[in-house]
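Novice: my questions are about this predicted structure, shown below with the sequence.
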Amino acid sequence: MAVREGNSEIKELFETVVDGGYCIGCGACAAANDSPIEMNLDEYERFQATLVPETNRSSPSISLESVCPFSAKSLDEDRIGEELFGRDCSYRDRVGYYLATYAGYVAEGNFRDGGSSGGLGTWIAAKLLKENLVDGIVHVHPRQPTAEDSRLFAYQLSLSVEDVQKGAKSRYYPVEMSAAIEIIRHRPGRYAFVGIPCFIKAVRLLMRQDPLLNERIQFCIGLVCGHLKSAAFAKLLAWQCGIEPDKILAFDFRKKLPGADANKYGIEVTGVKDGQIVTVTSPVRDLYGADWGLGFFKYKACDYCDDVLAETADLSIGDAWLPQYLKDSRGTNVVVVRHRDLQKPIEQAIDAGDLKLERIDPDEVAKSQRSGFRHRREGLAYRLYLADKTRQWRPPKRVKPEAKHLDRSERQRFSLRILLADRSHSAFKDATDRGQLSVFQARMMPLVQEYELASLPPRPPLWRRIRSRLKKYYVRLFG
Ligand SMILES: Cc1cc2nc3c(=O)[nH]c(=O)nc-3n(C[C@H](O)[C@H](O)[C@H](O)COP(=O)(O)OP(=O)(O)OC[C@H]3O[C@@H](n4cnc5c(N)ncnc54)[C@H](O)[C@@H]3O)c2cc1C
Ligand code: SF4
Ligand code: SF4
């Protein structure tokens, strides 16, 4: 590839991040002025950076490696956070910089019912517009799929509160930012950008190099993130509801089910079934592959990410997966505020009763993402160790490579998770190529069973089992 030969930076970006499988498909490298990179879905329906055809190639105006959240040349979240928030905020491991941390929900209007969780994601975006702090919100909306482009969601610019509300809810689905950044570049104004942590990091890196973006993007709103899914995730769930993968018209990943715990939510899919447009709702627990712990359709990059709470965002929002909030099916947010201009409207809205937020300790916010942190701290340390042992290139991380902190069965579980994610992509492609959902389940079953076995609590040692049997025997004989 000529551009790889001609431009050592692009060559390096492809040979490390992209060819190594660490591209999250954010589109930051394609968003740079005159970039020779464009974003395309790969055979497993994940956005990936690709080089534009040779005849149309240009030279980028900025360093593409330094805007990539996974390259060795970009700053890490601590450095970016320190630059942005170091003067005003306190710092806590795992949470990053913070001014205030809360849990709660939106009491005003229908934000909570319309949102995935407590509705704060949409409320803050609407508030920024209403208070004239920004002119537009760049976030992810549903889109009408077509024969040429079957995507169900994409980044879009909202200029009114009504439009912002139409974009509510979480999309566990591949999206990329290059077209949205182009809009910001060509349309003078002040914007807020909503994204998952690696996208926010990439936007910050773009802003450091591009003064126009730096001037126009006023706020970054981050979503807490477990991992990103390929488009196959929506297709697998829809297929089980009787809607074939290429017949989906709309998808709600977070349908609230009244009376159920907040984490026992459902999905709602609309599509064509037997020639009719139908809408089907199902609790996620009834659907194969919806268990996030199995990590089906996860991007490899997510296994090499250490930012759970969007540490470079002005405000981070997630689900309060804590026992005291789970019983409420309407959903509860955890919130980390890092920017004073966002703390003010939040505190005013608490006083006015529009927000029901209580202050919680930053460690409680981290606790709400306990399994996410386990996977991206202890698990990541082990994956880094494995990559280094086999001398593979991998992105530099804030976590140090290590294996000794895990026992044998934990190491086995983390290794199996890598295999589960990897196999799910090709297994689903096989299933769709053959038009049989059962192909997917058959290919995944041996690994899933192995994983479930490895996840069982360890058996007590033989002497303890014998002692306990003898005790029971003794009680039965002598009372
Ligand atoms: C891929 C992914 C993984 C997540 N993993 C976790 C997790 O492990 N733990 C956790 O606590 N929370 C996680 N979240 C966040 C959670 O699902 C909710 O989005 C969050 O709690 C906000 O809910 P809300 O009701 O306040 O927001 P809502 O009022 O529903 O607003 C959500 C806002 O986010 C925007 N948005 C939705 N999806 C995307 C996207 N993919 N990229 C950019 N913007 C988007 C919407 O357009 C909307 O503006 C994840 C979100 C995503 C997208
Ligand atoms: S900037 Fe984003 S799209 Fe480009 S190579 Fe890096 S992760 Fe992939
Ligand atoms: S886990 Fe990390 S890399 Fe994966 S989507 Fe979330 S923020 Fe991005």
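Specialist: Received it, and whenever you're ready, just let me know what you need. Not measured: the values here are computed from a predicted model. Ligands and ions are numbered 1, 2, ... in the order given.
Novice: ramachandran angles for residue 142?
Specialist: Residue 142 adopts backbone torsions of phi -70, psi 150, taken as degrees, to the nearest 10.
Novice: so how far is residue 25 from it?
Specialist: Going from residue 142 to residue 25 by Cβ to Cβ, to the nearest Å gives 19 Å. For the C-beta atoms, the positions are set from N, CA and C on the backbone; glycine is no exception.
Novice: which one's more surrounded, those two?
Specialist: The neighbour comparison of residue 142 against residue 25 (other Cβ atoms under 10 Å) goes to residue 25, with 24 against 19.
Novice: that one contacts residue 45, correct?
Specialist: No: the criterion here is Cβ atoms under 8 Å, and residue 25 misses it with residue 45 at 10.3 Å.
Novice: overlap of the contact sets of the two?
Specialist: residue 174 (Cβ atoms under 8 Å, 6 or more residues apart in numbering).
Novice: so where is the stretch 351-479 of the chain shaky, pLDDT-wise?
Specialist: Where the stretch 351-479 of the chain drops to pLDDT under 70, the residues are 479.
Novice: again, only using 90
Specialist: Applying pLDDT under 90 to the stretch 351-479 of the chain picks out residues 455-479.
Novice: now do the strands in it.
Specialist: 355-359 (DSSP state E, counting those that start in this stretch).
Novice: now whatever residue of it ends up closest to ligand 3: how far from residue 80?
Specialist: Distance from ligand 3 to each residue of the stretch 351-479 of the chain (Cβ to the nearest ligand atom) is smallest for residue 376, at 7.2 Å. Noted for residue 376: a distance of 18 Å to residue 80, by Cβ to Cβ.
Novice: show me what contacts the residue of the stretch 351-479 of the chain closest to ligand 3?
Specialist: Taking Cβ under 8 Å, 6+ apart, one finds 305, 306, 308, 399 in contact with residue 376.
Novice: out of the residues you listed, who's the most crowded?
Specialist: Neighbour max across these (other Cβ under 10 Å) = residue 305, 26 neighbours.
Novice: from what I see, that one and residue 198 are in contact.
Specialist: Yes: counting by Cβ under 8 Å, residue 305 touches residue 198, with 6.2 Å between them.
Novice: any residues in contact with both of the two?
Specialist: Any residue near both residue 305 and residue 198 by Cβ under 8 Å, 6+ apart counts here, and that gives 24, 225.
Novice: same question for stretch 79-91: list its buried residues.
Specialist: 80, 81, 82, 84, 85, 89 (16 or more other Cβ atoms under 10 Å).
Novice: my bad, should have said stretch 34-53
Specialist: Here stretch 34-53 shows 35-39, 41, 44-51 as buried, counting by 16+ other Cβ under 10 Å.
Novice: quick check: residues of the stretch 151-300 of the chain near ligand 2?
Specialist: For the stretch 151-300 of the chain, the contact set with ligand 2 under Cβ under 6 Å from any ligand atom comprises residue 202.
Novice: contact residues of the stretch 151-300 of the chain facing ligand 1?
Specialist: Checking the stretch 151-300 of the chain against ligand 1 by Cβ under 6 Å from any ligand atom, the hits are 167-172, 175, 194-196, 223-226, 228.
Novice: keep only those of those residues that are in strands.
Specialist: Secondary structure assignment by DSSP state E places 194, 195, 223 of those in strands.
Novice: for burial, what's the neighbour tally of the first one?
Specialist: Look at residue 194: counted by other Cβ under 10 Å, it has 26 neighbours.
Novice: show me which of the contacts of residue 376 is closest to ligand 3.
Specialist: Checking the contacts of residue 376 one by one against ligand 3 (Cβ to the nearest ligand atom), the nearest turns out to be residue 305, at 3.0 Å.
Novice: what residues are up against the closest one?
Specialist: 24, 197, 198, 225, 227, 376, 380.
Novice: picking up where we left off before, please produce CSV containing the buried residues of stretch 79-91, extended by pLDDT.
Specialist: Below are those laid out as CSV (pLDDT from 0 to 100):
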residue, pLDDT
80, 98
81, 98
82, 98
84, 98
85, 98
89, 98
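Novice: out of the ones in strands among the residues of the stretch 151-300 of the chain next to ligand 1, which is nearest to residue 256?
Specialist: Taking Cβ to Cβ as the measure, residue 256 lies nearest residue 223 of these, at 17.4 Å.
Novice: now the closest one: how far from ligand 3?
Specialist: 9 Å (Cβ to the nearest ligand atom, to the nearest Å).
Novice: neighbours of the closest residue to that residue other than its chain neighbours, how many?
Specialist: Nearest residue to residue 223, sequence neighbours excluded (Cβ to Cβ, 6 or more residues apart in numbering): residue 196, at 5.2 Å. Per other Cβ under 10 Å, the neighbour tally for residue 196 reads 26.
Novice: isn't residue 196 right next to residue 226, touching?
Specialist: No: counting by Cβ under 8 Å, residue 196 does not reach residue 226; the two are 9.6 Å apart.
Novice: can you tell me the SS state at residue 157?
Specialist: Residue 157 falls in the strand class when you classify it by DSSP: H, G, I helix; E, B strand; the rest coil.
Novice: report pLDDT for it.
Specialist: The model reports residue 157 with a pLDDT of 98.
Novice: can I see the domain layout of this protein?
Specialist: 5-228+298-373, 232-294 (automatic domain parsing).
Novice: need those domains in TSV with distance to residue 448, can you?
Specialist: Output for the domains of the chain, formatted as TSV (distance: least, Cβ to Cβ, whole Å):
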stretch	distance to residue 448
domain 5-228+298-373	14
domain 232-294	7
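Novice: out of those domains, flag the one nearest residue 416.
Specialist: domain 232-294 (9.4 Å).
Novice: end to end, how far does the closest one reach?
Specialist: Using Cα to Cα, to the nearest Å, the gap from the first to the last residue of domain 232-294 comes to 15 Å.
Novice: state the mean pLDDT of that domain.
Specialist: Computed over domain 232-294, the average pLDDT equals 97.
Novice: contacts only, for the one residue in the stretch 251-400 of the chain that gets nearest to ligand 2.
Specialist: Ligand 2 sits closest to residue 301 of the stretch 251-400 of the chain, with a gap of 6.7 Å, by Cβ to the nearest ligand atom. Contact analysis of residue 301 by Cβ under 8 Å, 6+ apart lists 21, 22, 23, 24, 70, 198, 228.
Novice: done for today, thanks.
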